[in-house]
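**Student:** the sequence isn't on hand, but the structure is:
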């Protein structure tokens, strides 16, 4: 089943999720980490998702080359025969290893009009032009106005001819006057050239099904010693979450001492994201029933030696 795999470096996560939301709102099916990782087996789930993807959208920026994970994803996608589409958020030079895989690929660049840039990406993926908003009178093209003026002139000529023949000379004239084609023509973006290997595009799952399949609370580890200890599905170093995984709160408390909004998680809430020795770098926060509550991004500003804000977890 063909999906769109979105690959990005952690600094570009916000833009990657915007791309995902835009494409899914138009009926395309996307796979993006960490949202779609639930089993805790990061490498295995990434590999399986790449094998099932017909497209890979790569978010490119000056920090892309620093991610070994991104390079691995691009290489696997290339070997699987998926269509790779680079989306550049800025003009930057990629390193030689990425340039090798992206050589000859159709590229999309983000302009000041982000909506138009995302629409161009959609057109490249689907080969279909994006529906344009109706043109306002102040923004109509010269070609459109030429059609309008021509229609008005023809209508005036037809009316004058009828008056001259029917009224002045009494010549019988059919009550039916030839209709004037005054249809406005809107020029749209032509479809992108089809790749020789065009994967099938699978519609996105309905929201009701997606809420159950992608936002459902993942299974957590059973506490070994302390029944009230929080749990973490990923790597645990010295008792603290360290890396990508899912953290589940057993008791209600503040999310993170670095959170300026002082948000509090309820018992059963969980966060799927990335930690650095107990310090949350970034992640998506869900309630116990799988409803998304927000996106958290604190970066690597904490001192993990004194700031184990997520406390020790059960193994």
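**Tutor:** That came through fine. These numbers were taken from a predicted model, which means no experiment stands behind them.
**Student:** in this protein, what helix or strand scores lowest on average pLDDT?
**Tutor:** Across the helices and strands of the chain, mean confidence by mean pLDDT, DSSP states H and E is lowest for helix 207-213: a mean of 45.
**Student:** continuing past it, what's the next helix or strand?
**Tutor:** The helix or strand immediately downstream of helix 207-213 is strand 230-232, counting by DSSP states H and E.
**Student:** the following helix or strand past that following strand pairs with which strands?
**Tutor:** Per DSSP H and E, strand 230-232 leads on to strand 236-237 as the next helix or strand towards the C-terminus. Applying DSSP bridges to the sheet, strand 236-237 is found paired with strand 240-241 (antiparallel).
**Student:** what mean pLDDT does the partner strand get?
**Tutor:** The predicted model assigns strand 240-241 a mean pLDDT of 83.
**Student:** likewise for stretch 19-26?
**Tutor:** Per-residue scores along stretch 19-26 average to 94.
**Student:** which residues does it contact?
**Tutor:** If you take CB atoms under 8 Å, 6 or more residues apart in numbering as the criterion, stretch 19-26 is touched by 4, 6, 30, 32, 35, 57, 59, 87, 118, 121-122, 125, 204. (C-beta placed from N, C-alpha, C; glycine too.)
**Student:** tell me which residues of that stretch are tucked away?
**Tutor:** Within stretch 19-26, the residues that count as buried by 16 or more other CB atoms under 10 Å are 19-20, 22-24.
**Student:** inside helices: which ones of those residues?
**Tutor:** Taking DSSP state H as the definition of helices, these contribute 19-20, 22-24.
**Student:** from these, pick the one nearest residue 296.
**Tutor:** The shortest gap between residue 296 and any of those belongs to residue 20, at 17.4 Å (CB to CB).
**Student:** how many residues are close by the nearest residue to residue 239 once chain neighbours are set aside?
**Tutor:** Distance criterion CB to CB, 6 or more residues apart in numbering; nearest residue to residue 239, sequence neighbours excluded, is residue 312 at 3.5 Å. Counted with other CB atoms under 10 Å, the neighbours of residue 312 add up to 17.
**Student:** equivalent analysis for residue 256, please.
**Tutor:** For residue 256, using other CB under 10 Å, the count is 19.
**Student:** tell me the secondary structure at it.
**Tutor:** What DSSP: H, G, I helix; E, B strand; the rest coil gives for residue 256 is coil.
**Student:** and it, what pLDDT?
**Tutor:** pLDDT for residue 256: 75.
**Student:** distance of it relative to residue 80?
**Tutor:** 38 Å (CB to CB, to the nearest Å).
**Student:** shouldn't residue 5 be in contact with residue 59?
**Tutor:** No: counting by CB atoms under 8 Å, residue 5 stays clear of residue 59, with 11.6 Å between them.
**Student:** who are the contact partners of the closest residue to residue 245 other than its chain neighbours?
**Tutor:** Excluding the flanking residues, the one nearest residue 245 by CB to CB, 6+ apart is residue 234, at 2.1 Å. Counting by CB under 8 Å, 6+ apart, residue 234 touches 40, 42, 241-246, 275.
**Student:** low pLDDT regions in the stretch 101-250 of the chain?
**Tutor:** 130-148, 161-227 (pLDDT under 70).
**Student:** what is the burial count for residue 75?
**Tutor:** Residue 75 - counted by other CB under 10 Å - has 15 other residues nearby.
**Student:** other SSEs contacting the strand or helix carrying it?
**Tutor:** Using DSSP H and E, the secondary-structure element containing residue 75 is helix 68-80. Helix 68-80 is packed against strand 3-7, helix 42-51, strand 53-60, strand 83-88, helix 96-102, with contacts defined by 3 or more CB pairs under 8 Å, 6 or more residues apart in numbering; DSSP states H and E.
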